[in-house]
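Undergrad: Provided below for reference: sequence and predicted model.
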Amino acid sequence: MRIVAACITLSLLAGCGGGGEDGGGQSSPAAPGTVTGVVRQVIGANGGTVAVTDPSSPIAGTQVVIPAGALSSATTITISQVTGAGGVPADVLVIELGPAGTVFARPVTVTARVSQQYLANRGISDPAFLKVVALSAGAAGDTLRTVSLDLVQRTVSAQAMRAGRFAVLGYSAATLSGTYGFNFYVMDARFGSPGTIDVDVPRTSFNGTFDVPFPGYAFASELGTITFDGAGNYAWSAIRNNGGTPTALSGSGIYTVSGDGTMALDIGPVGNVLAGGSAFNVISTTGDVVEIGMGVKISGTYGNASLNGTYSVAHYRSDATAGPLNTIRLNVRRTPYNETVDVPFPANAFGTELRSTTFDGAGNYTWSGTRNRGGSSSSVTGSGTYAVAGDGSLTLDSGLAGHLHAGGSTFILTSPSGQPMEIGVGLRKGGTFSAASIGGTYALMIYTSDPAAAPEETIDISIPRTPFIGSFDVPFPLAAFSTERRSVTFNGAGSYTWLGTRNRGGIATPTSGNGTYAVAADGRLTTNGGLAGQVLDGGSTFILSSTSGADLSIGMGILR
């Protein structure tokens, strides 16, 4: 096996390899470029194969396999090479499957060739991390899941539901290029002073109940834009909502993108980016700052019609106003008095939701879903209005704001001011799914609050005499909050394995596990761990949320 692996790597360096991902991406012809070497064939309802067989063609080996039932009538299917295509480097082989605008009733298998020069220019030696990307005009490409790869022919096969332009891409700093909308949810106990309770004991016997303040200072959400230059530098600006108070912030720094799609920011968070550059997720793996963030590519011109259809939306929030307030009780019969008192975790202040939200493309939406507040689940519904600005900025009448991906498939949300402080991500529903829809390896980022993960906090109260007036610090339940960065491999048949790093209360530990999952025909994803969510058509992205139980989580997974 070692000899075979070595030969595979050597053959790739010699110009004999590729890799990718499968799924039904949304693609449309990009305007720039010159179309050459057109191959055409009439394919009927029984299906067939169109292939480039001329050995002198740079895209020799390219083909599309169309199954029976994919076309309702005879159609002239074309394959051609596009040179000078916009949005990709000049050394990338771009193919065009036509006719433009064709939507297939069943997935077709597109086989694209990778350029030897492209591999050499970027030092790419591992075919497992090359991806087929459906290139979309005016938008970041949709990353597709691999069906198969042929190292001899240097081709990668993936499935798609639409005709358009395709290319095989790897990862580099250039994968992140342009402006992205991003959101963060942050827990940082250093943001302010610890909460206190004031105790007033004028006489004994004293019996009193005292409110425990919610540590709102420790939580923040951020919404902003970040621009990557494609060469390792970035600049950003955002609004941080810290404990309900918004503040404008900005900065700059450096980033890296490794050959396996791992991205890292110099300020600490690490994560992954889709090969097409359409989205990324990041998380803190060490340190006291426990945070999760997501980003979507912004390009083109938007309007309310850009957000149209039904989306699955995962939310996580903290709300200092959510009652009832937690309390502690003192029973001072005499002095001196010394007692250790349990401090309850403010479970009711934290919640998750998994919603199905329908936008009408004209500024109105309705939704229904399940809310899990402090471990208590309930059904919720509602409606409202929304607006999408020309730059993709999204605002809801509920006070949430965010950004919409250029292709409209994904959006992010957060609360730029006030309570509650929230983070959310939405994926457009559509397509037909099964467990095979998320076969392969994904980078999954999860943020969790779990009262059971930490011992109950206590405070020591000492009253030497009366009358007494004093204040006592309330400890922050740091260990109840965690993030995880996982590499999860789904076998396409209902089982998964994973390994990663958990940052609980600033302490990082390696983690691993396995389990089972199911994907319903409408894309709803469930796991044996209690999390549920949605798979994006094509399988490049999924979201998760906890709809029951005291451990509240939100997660986003993207294809590696």
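TA: Okay, I see it.
Undergrad: Every contact and neighbour count from this point should use C-alpha atoms.
TA: Will do.
Undergrad: residue boundaries of the strands in the stretch 351-500 of the chain?
TA: 364-373, 376-388, 393-396, 401-404, 410-414, 421-428, 440-449, 457-463, 468-473, 481-490, 495-504 (DSSP state E, counting those that start in this stretch).
Undergrad: Format those as a markdown table; extra columns: mean pLDDT and mean neighbour count.
TA: Shown next, in a markdown table, are the strands of the stretch 351-500 of the chain (pLDDT from 0 to 100; neighbours: other Cα atoms under 10 Å):
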| stretch | mean pLDDT | mean neighbour count |
| --- | --- | --- |
| strand 364-373 | 96 | 20 |
| strand 376-388 | 96 | 15 |
| strand 393-396 | 97 | 20 |
| strand 401-404 | 96 | 27 |
| strand 410-414 | 96 | 29 |
| strand 421-428 | 94 | 27 |
| strand 440-449 | 94 | 24 |
| strand 457-463 | 85 | 15 |
| strand 468-473 | 82 | 13 |
| strand 481-490 | 94 | 24 |
| strand 495-504 | 95 | 20 |
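Undergrad: May I see the ones you listed arranged in CSV, with distance to D188 as well?
TA: Converted to CSV, these look like this (distance: least, Cα to Cα, whole Å):
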stretch, distance to D188
strand 364-373, 22
strand 376-388, 26
strand 393-396, 27
strand 401-404, 22
strand 410-414, 17
strand 421-428, 14
strand 440-449, 13
strand 457-463, 17
strand 468-473, 17
strand 481-490, 10
strand 495-504, 12
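Undergrad: Of the ones you listed, which is nearest V341?
TA: With Cα to Cα as the criterion, V341 lies closest to strand 457-463 of the strands of the stretch 351-500 of the chain, at 5.4 Å.
Undergrad: Low-confidence regions, this structure specifically.
TA: Along the chain, the model assigns pLDDT under 70 to residues 1-31, 137-140, 191-194, 323-325, 455-456.
Undergrad: And the helices in it?
TA: With DSSP state H as the criterion, the chain has helices at 2-13, 116-122.
Undergrad: what's the shortest one packed up against?
TA: It refers to helix 116-122. helix 2-13 (3 or more Cα pairs under 8 Å, 6 or more residues apart in numbering; DSSP states H and E).
Undergrad: at 10 Å what do you get?
TA: For helix 116-122, the elements it packs on are helix 2-13, strand 164-169, judged by 3 or more Cα pairs under 10 Å, 6 or more residues apart in numbering; DSSP states H and E.
Undergrad: Mind listing the strands the shortest one pairs with, and their directions?
TA: I take that to be strand 164-169. Take DSSP bridges as the rule and strand 164-169 pairs in its sheet with strand 94-98 (antiparallel), strand 131-136 (antiparallel).
Undergrad: Adding mean neighbour count, write the ones you listed out as TSV.
TA: Output for the strands paired with strand 164-169, formatted as TSV (neighbours: other Cα atoms under 10 Å):
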stretch	mean neighbour count
strand 94-98	26
strand 131-136	30
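Undergrad: so which of the ones you listed comes closest to R329?
TA: Of those, nearest to R329 by Cα to Cα is strand 131-136, at 59.6 Å.
Undergrad: A90 - how many residues pack around it?
TA: 12 (other Cα atoms under 10 Å).
Undergrad: Show the contacting residues for it.
TA: By Cα atoms under 10 Å, 6 or more residues apart in numbering, A90 lies in contact with 83-84, 118.
Undergrad: And it, how close does it get to G440?
TA: From A90 across to G440, the span is 29 Å (Cα to Cα, to the nearest Å).
Undergrad: Next: I423.
TA: According to Cα to Cα, I423 stands 27 Å off from G440.
Undergrad: Equivalent analysis for G268, please.
TA: 27 Å.
Undergrad: partner residues bridging the closest residue in space to G533 that isn't next to it in sequence?
TA: In this structure, G533 finds its nearest non-sequential neighbour in L544, 4.2 Å apart by Cα to Cα, 6 or more residues apart in numbering. Beta-bridge pairing of L544 under DSSP bridges involves G533, G555.
Undergrad: What of V201?
TA: Under the criterion used (DSSP bridges), V201 bridges to F468.
Undergrad: V341 now?
TA: In this entry, V341 is beta-bridged to I459, by DSSP bridges.
Undergrad: what residues are up against it?
TA: So V341 contacts 328-330, 457-461 (Cα under 10 Å, 6+ apart).
Undergrad: Identify, from those, the entry nearest to D537.
TA: For the contacts of V341, the nearest to D537 is E457 (44.3 Å; Cα to Cα).
Undergrad: so how far is R329 from that closest one?
TA: 15 Å.
Undergrad: what do you get for F104?
TA: Per Cα to Cα, F104 is found 66 Å from R329.
Undergrad: Could you find the closest non-adjacent residue to L354?
TA: L354 sits nearest to A314 (Cα to Cα, 6+ apart), 4.7 Å away.
Undergrad: Quick one: neighbours of that neighbour, just the number.
TA: Neighbour tally, A314, other Cα under 10 Å: 30.
Undergrad: Please apply the same query to V201.
TA: Using other Cα under 10 Å, V201 is surrounded by 19 other residues.
Undergrad: Please give me every residue in contact with it.
TA: Residues near V201 by Cα under 10 Å, 6+ apart: 207-208, 330, 332, 463, 465-470.
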